[in-house]
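J.: fold the following and give me the result.
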Amino acid sequence: QVQLVESGGGLVQAGVTLRLSCAASGTIFTMVGMGWYRQAPGKQRELVASLTSGGTTNYAETVKGRFTISRDNALRTVYLQMNSLKPEDTAVYYCNARGYHSSSTFSAFDAWGQGTQVTVSS
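T.: This next block holds a predicted model:
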């Protein structure tokens, strides 16, 4: 099993900065990638940013230039630095991690955190 614990959400005003953290624990042989998704009320969950084990990043167009995803491999933690927050960034943010429990190709996992609320007021 893999557990993801997110932290760093909150209620902030537009224009400020927040940093989300997601720490992974459990049986992890190798991590393929980690990412952040968000879901606003009445909307589908969408990718915000992702980071592969090789260092490739991918961002939603709406956050490019404002958000930065990074990781600490030793801590098995991924971060999302969110600058210049806007009211439309309001959502529950979920951490996602994909990898393998062991060297077996049948041991793949796709884990999700419980979500952290980010609310941006205008």
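
J.: the residue nearest to the spatial centre of the chain and Gly99, how far apart?
T.: Nearest to the mean C-alpha position of the chain, by Cα atoms, centre = their mean, lies Trp36 at 2.5 Å. To Gly99, Trp36 is 16 Å away according to Cβ to Cβ, to the nearest Å. Where you see a C-beta, it was placed from the backbone N, CA and C, and this is true even at glycine.

J.: can you give me the neighbour number for Thr17?
T.: Neighbourhood size, Thr17 [other Cβ atoms under 10 Å]: 11.

J.: next one: Pro87
T.: Pro87, neighbours per other Cβ under 10 Å, totals 11.

J.: check Leu47 too.
T.: 14.

J.: that's a strand at it, yeah?
T.: Yes. Per DSSP: H, G, I helix; E, B strand; the rest coil, Leu47 lies within a strand segment.
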